[in-house]
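Q: Sequence and computational prediction follow.
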Amino acid sequence: MDHEPGPKRDRREEERCPARIGAHVSAALAIPTIGIGAGPSTDGQVLVFHDLLGIREGLGARFVKRYANLAAEIRSALETYASEVRSGVYPAPEHTYGMPDDEFQLFLAERVEQGDRES
């Protein structure tokens, strides 16, 4: 069981404890209790979003319930992105900003002028 140090507490966190203990502590205290694997009888619940979304691979704590399995999806997206960058497929013209030729010429002229001043 976990709590913040100090004389004044406005909540209590119960982590990885049997549900019966979470319920007993919640009933005994006048302040809200937040459960992190402490059963359904606490006043609130916390579940780390990496666990909730299945971003982490492997087994989590017993109280973790995955609502999605994004780890494989994220890995696939990153592998595709890296492959497309390496092969030159990304960024394609539709992913870049254009510039009219006359504006580009002005840009080049200003750079030359700035280069002369910086020397």
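A: Structure's in. What do you need? Computed from a predicted structure; not experimentally measured.

Q: ok, residue 64 touching residue 49?
A: No: contact between residue 64 and residue 49 fails when scored by Cβ atoms under 8 Å: they sit 11.3 Å apart. For every residue, glycine as well, the C-beta is placed using N, CA and C.

Q: quick one: which of those two has more around it?
A: Using other Cβ atoms under 10 Å, the more surrounded residue of residue 64 and residue 49 is residue 64, with 15 against 8.

Q: helix, strand or coil for the more buried one?
A: Secondary structure, DSSP: H, G, I helix; E, B strand; the rest coil: residue 64 is coil.

Q: what about it, distance to residue 54?
A: As judged by Cβ to Cβ, to the nearest Å, residue 64 and residue 54 stand 9 Å apart.

Q: same question, residue 106
A: 51 Å.

Q: So if I had to pick from those two, which one is more boxed in?
A: residue 54 (18 against 12).

Q: Next up, identify which helix or strand the more buried one is on.
A: In the assignment (DSSP states H and E), residue 54 maps to no helix and no strand.

Q: Many thanks, have a good one.
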